[in-house]
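> sequence first, predicted model second:
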Amino acid sequence: MITNHAPGLTEAFGTAFGRAPECVWRAPGRVNLIGEHTDYNDGLVLPFALLQGVSVAAARRDDGVVEVRSLQAPTAVTAPVDGGPVVAEGWPPDRGWAAYPVGMARVLREHGTGGASLLVDSDLPQGAGLSSSAALECATALALCHLYGVEIGRADLARLAQRAENEQVGMPCGLMDQAASLLSVPHHALLLDCRSGLWSPIPFDPAEAGLAVLVVDTRASHALTGGEYARRRAECEEAASLLGVEALRDVKDLAGALGTLRDPVLRRRVQHVVTENHRVEAAAGLLRAGAAGELGAMLNASHLSLRDQFEVSWPEADTAVDAALRAGARGGRMVGAGFGGSVLVLTPGDRADRVRDAIAAAYDERGWASPEFIETIPAGGGYRVPIGW
Ligand code: ADP
Ligand code: MG
């Protein structure tokens, strides 16, 4: 098994709860290869699962309570498994993290799971656009289903994990993160149609093509994300309604659409969403043709479109992409909603060190804190880890 799961979680569970866990499950974070801000426009996305993820050690409880602890959070939280949305209970910030696992337990309660003691451990940075939240929900969901012998197909489980984040945590995310965390296949990216919910694994093995994937956590604060994200969504909805289509995915004649819209801001947003959707199809086509090396041009075009048309990039991301290209990378782009988070770089494998050094040097020159580099390969969806690992 290829895993980054850290040993010692079983012992840590024993220390925390005074007994052994019944099972340990792990679910990965994800990075989106291409298809940014297309999900809520009913479009296409092409994420892949990371090696890095969240592990959850679990044991049943028969008192109707979920007790959650995390090696990355200071506060242990105990909450009834029966209950309405966590978000409505107004938990203080130090308990906020527990809304994800407790919310998941509440959603799954309707399907036959119950109380549990859960210990979380993770090697994914939080809030870096690599979907630690979905990894936490999905690992929790897999563990709870296992504990109670509840069988739910992975696609349905992804919907339930999305529901936990939407209704319990109060974050209106799409299906991409949870689908990638549960449905990914090793050495493949996951082509997901956000309208139909249909997905298909597309071969993506960078190492075999002589390439390496670098994920750069730019460590830029993304305080603006919430408001700007909501504004972009509203702009896309407004443009779709002015164009008389259900969603921007349905725009077939880009030139005609741009001619119809008067507002230059809306024109830029439409330009991005429509071309980005085509880039996802083109990228999937290149991968199917075994031409992963040609993806670089798609990544670069995506980055420029996100920077100039959708206007969601940030200086640390632009600098990382620029430095990577100068050092010989094939391509790179910001990933996630924007205004902070991570950058994805595709580089020839033998230039990965040079690219990493160039990005670090560019940050240093500007007096910015060093970015964090995450090396990964397209990994598989959530899996059970043998006890004792
Ligand atoms: P992202 O999904 O991009 O990492 P989010 O803001 O959606 O960013 O989710 C991050 C939140 O998920 C954290 O603020 C925390 O509440 C929760 N979380 C993720 N990983 C852990 C962990 N290992 N322990 C406790 N909470 C976690
Ligand atoms: Mg998240």
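Right, received. Where do you want to start? Ligands and ions are numbered 1, 2, ... in the order given.
> can you give me the strands in the stretch 201-350 of the chain?
Assigned by DSSP state E, counting those that start in this stretch, the strands in the stretch 201-350 of the chain fall at 211-217, 331-335, 342-348.
> tell me which element residue 68 is part of?
strand 65-70 (DSSP states H and E).
> returning to what we had before: redo the strands of the stretch 201-350 of the chain as TSV? Include mean pLDDT, distance to ligand 2 and mean neighbour count.
Every residue, glycine included, has its C-beta placed from N, CA and C. Converted to TSV, those look like this (pLDDT from 0 to 100; distance: least, CB to the ion, whole Å; neighbours: other CB atoms under 10 Å):
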stretch	mean pLDDT	distance to ligand 2	mean neighbour count
strand 211-217	97	14	23
strand 331-335	98	12	27
strand 342-348	98	12	25
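> now these in a markdown table, with distance to residue 45?
Shown next, in a markdown table, are the strands of the stretch 201-350 of the chain (distance: least, CB to CB, whole Å):
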| stretch | distance to residue 45 |
| --- | --- |
| strand 211-217 | 16 |
| strand 331-335 | 11 |
| strand 342-348 | 13 |
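> the closest residue to ligand 2 within the stretch 151-300 of the chain: how many residues sit nearby?
Nearest residue of the stretch 151-300 of the chain to ligand 2 (CB to the ion) works out as residue 177 at 5.9 Å. Residue 177: 28 surrounding residues under other CB atoms under 10 Å.
> now residue 113: how far from ligand 2?
Distance check for residue 113 against ligand 2: by CB to the ion, to the nearest Å, it reads 22 Å.
> which SSE is residue 56 in?
strand 47-60.
> so how far is that strand off the chain centroid?
Put simply, strand 47-60 sits 12 Å off its chain's centre (CA atoms, centre = their mean, to the nearest Å).
> make JSON lines from the strands of the stretch 201-350 of the chain and add distance to ligand 1 to it.
Output for these, formatted as JSON lines (distance: least, CB to the nearest ligand atom, whole Å):
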{"stretch": "strand 211-217", "distance to ligand 1": "10"}
{"stretch": "strand 331-335", "distance to ligand 1": "10"}
{"stretch": "strand 342-348", "distance to ligand 1": "9"}
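> among the ones you listed, which comes closest to residue 195?
Shortest distance between residue 195 and those, using CB to CB, is found for strand 331-335: 21.5 Å.
> list the helices and strands the closest one packs on?
Packing partners of strand 331-335 (3 or more CB pairs under 8 Å, 6 or more residues apart in numbering; DSSP states H and E): helix 295-308, helix 315-326, strand 342-348.
> list the buried ones in stretch 320-338?
By 16 or more other CB atoms under 10 Å, the buried positions in stretch 320-338 come out as 320-321, 323-325, 327, 329-338.
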